[in-house]
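S.K.: here you go, sequence then predicted model.
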Amino acid sequence: MHGPARVDSRTKNLTKRLRPGDIAVIDHIDLDKVSAEALVACRPRAVVNAAPSISGRYPNLGPEIIVAAGIPLLDSVGPLVMSSLKEGTDVRLEDGELLAGGQVVAAGTLQTAETVQTAMTDARAGLAVQLEAFAANTMEYLRNERELLLDGVGVPEIATHLEGRHALIVVRGYHYKEDLQALRHYIREYRPVLIGVDGGADAIVEEGHRPDLIVGDMDSVSDETLRSGAEIVVHAYRDGRAPGLQRVQDLGIEPVVFPATGTSEDVAMLLADDKGATLIVAVGTHATLVEFLDKGRSGMASTFLTRLRVGGKLIDAKGVSRLYRTRISNLWLVGLLLSALVALFVALWATPGGRGILQLIGSRWNDLWSVLSGVFT
């Protein structure tokens, strides 16, 4: 099989330009579920990974998704392919080798369902080590951010009003598009404050809504969405560095800067909680231990503590969609009644007898109006 190579060490950047029939060349150790699903959605002819798709640290979910979709996964070909292979070069995949111009530019392991399952079994054996690291990272985050977590020290002031309202936080994560679609009736009825975390803001726009607040380091949200009129909160490092600040300012927007350790979804949750949101509905966020590890960051321990900090006001989107039932508002009932009255009027007017009834009702109404006018004058 052959096709043009699309090369990028950041998978989420690659999927923006990856087209059906292309061959994706990535450098992504422990390929996670979200990245794998994004690759599959682009329908590439094959995926070539410079790094091991399963390193053995923990049972990550991405390789199984790629292979199950029928997409060949050439694994662990080495980092040189990222620099030696140019974007758009026509390449061919044959027997575990990647060829360009008849020359072998990379070679690795062609993953199958069997090899993936074997690697996953081995990875589960080392899960205890990852649990210990996760616990250590949790304690480190607590030491560094205890004032922010316990007392809200350092949360900036924003213009968006959240007091007493629901907040819907959308992260580019697990099944975020499907969950957002399932909440369309909830959004229409309750009109929550829509908070997009980086690329999650684009998902809000794609569903026909406008985000009220965009939070993140601004590495995966489009310029069009940033210009949508939403308030922008740039997530910065604790030392003050904010990689996304310059990009936002270049668009003529002056954002709010929120320095904090942890992930941007943590920042969004802490912001909504501190500003008085009564309910926080999370779309695409990480909820289970496997999801935390699958994110591939030691800092994911911060999300665990953030969820403890926010407490009972945080609910996953799937819970809302299962429990929520659309209510018929008073406005809809009035509209339904008026529609029924109009239909009855048209049906009566269409027959001689009906017109007689309507004329009789009209004359009676005129008599009643005359009497009432005389009483009040």
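M.R.: Here it is on my side, so go on. Numbers count the residues shown, from 1 in each chain.
S.K.: neighbouring contacts of the host helix or strand of Leu98?
M.R.: Assigned by DSSP states H and E, Leu98 belongs to strand 97-100. By Cβ atoms under 8 Å, 6 or more residues apart in numbering, the residues outside strand 97-100 that reach it are 5, 48, 74, 77, 81, 85, 89-93, 104-107. (C-beta placed from N, C-alpha, C; glycine too.)
S.K.: relative to Asn13, how far out is Leu180?
M.R.: Leu180 sits at a distance of 22 Å from Asn13 (criterion: Cβ to Cβ, to the nearest Å).
S.K.: of the two, which one has the most company?
M.R.: Ranked by neighbour count (other Cβ atoms under 10 Å), Leu180 and Asn13 place Leu180 first, with 23 against 13.
S.K.: I figured that one was touching Val281, is that so?
M.R.: No. Contact criterion Cβ atoms under 8 Å: Leu180 and Val281 do not qualify, at 10.3 Å.
S.K.: how is this protein divided into domains?
M.R.: 2-123, 128-323, 330-364 (automatic domain parsing).
S.K.: got these as CSV, with mean pLDDT columns?
M.R.: Formatted as CSV, those follow (pLDDT from 0 to 100):
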stretch, mean pLDDT
domain 2-123, 92
domain 128-323, 85
domain 330-364, 69
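S.K.: mind listing the shared neighbours of Leu180 and Val281?
M.R.: Ala317.
S.K.: give the contact list for Val153.
M.R.: Glu147.
S.K.: now with 10 Å, please.
M.R.: Contacts for Val153 (Cβ atoms under 10 Å, 6 or more residues apart in numbering) come out as 145-147, 274.
S.K.: mind putting these in TSV, distance to Leu127, neighbour count and secondary structure included?
M.R.: Below are the contacts of Val153 laid out as TSV (distance: Cβ to Cβ, whole Å; neighbours: other Cβ atoms under 10 Å; DSSP: H, G, I helix; E, B strand; the rest coil):
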residue	distance to Leu127	neighbour count	secondary structure
Glu145	26	22	coil
Arg146	28	12	helix
Glu147	33	10	helix
Asp274	34	19	helix
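S.K.: nearest to Arg184, of these?
M.R.: Asp274 (27.9 Å; Cβ to Cβ).
S.K.: sorry, back to before: list only buried entries from the contacts of strand 97-100.
M.R.: Neighbour-count burial (16 or more other Cβ atoms under 10 Å) applied to the contacts of strand 97-100 gives 5, 48, 74, 77, 81, 85, 89, 91, 93, 105-107.
S.K.: which pair of the residues you listed spans the longest distance?
M.R.: Farthest pair in these (Cβ to Cβ) is Thr89 and Ala107. Separation: 16.6 Å.
S.K.: Ser228 and Ile214 touch, don't they?
M.R.: Yes. The pair Ser228 / Ile214 is scored as a contact, 8.2 Å apart, by Cβ atoms under 10 Å.
S.K.: ok, these two, which is more surrounded?
M.R.: Higher neighbour count among Ser228 and Ile214: Ile214, with 29 against 19, using other Cβ under 10 Å.
S.K.: contacting residues around Ala236?
M.R.: 217, 242-245, 257-260, 267.
S.K.: hmm, I typed the wrong one, I wanted Phe258.
M.R.: Here Phe258 is in contact with 148, 154-156, 158, 215-216, 233-236, 242, 264, 267-268, 270-271 (Cβ under 10 Å, 6+ apart).
S.K.: ok, then the element right after the helix or strand encompassing Ala38?
M.R.: Assigned by DSSP H and E, Ala38 falls within helix 33-42. Where DSSP H and E defines the elements, the next helix or strand beyond helix 33-42 is strand 46-49.
S.K.: which residues does the helix or strand that that next one is followed by contact?
M.R.: On the C-terminal side of strand 46-49, the nearest following helix or strand under DSSP H and E is helix 62-68. With Cβ under 10 Å, 6+ apart as the test, helix 62-68 has contacts from 11, 24, 28, 30-40, 44, 46-47, 49, 52-54, 71-73, 75, 110-117, 119-120, 294, 296.
S.K.: quick one: strands adjacent to the strand holding Leu98?
M.R.: Here strand 97-100 is paired, per DSSP bridges, with strand 90-94 (antiparallel), strand 103-107 (antiparallel).
S.K.: would you turn the ones you listed into TSV with distance to Gly126?
M.R.: Formatted as TSV, these follow (distance: least, Cβ to Cβ, whole Å):
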stretch	distance to Gly126
strand 90-94	30
strand 103-107	27
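S.K.: as CSV, the buried ones among the contacts of strand 97-100 with distance to Ile204 would be great.
M.R.: Below are the buried ones among the contacts of strand 97-100 laid out as CSV (distance: Cβ to Cβ, whole Å):
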residue, distance to Ile204
Ala5, 33
Val48, 33
Leu74, 36
Val77, 37
Val81, 36
Leu85, 36
Thr89, 36
Val91, 37
Leu93, 37
Val105, 40
Ala106, 39
Ala107, 43
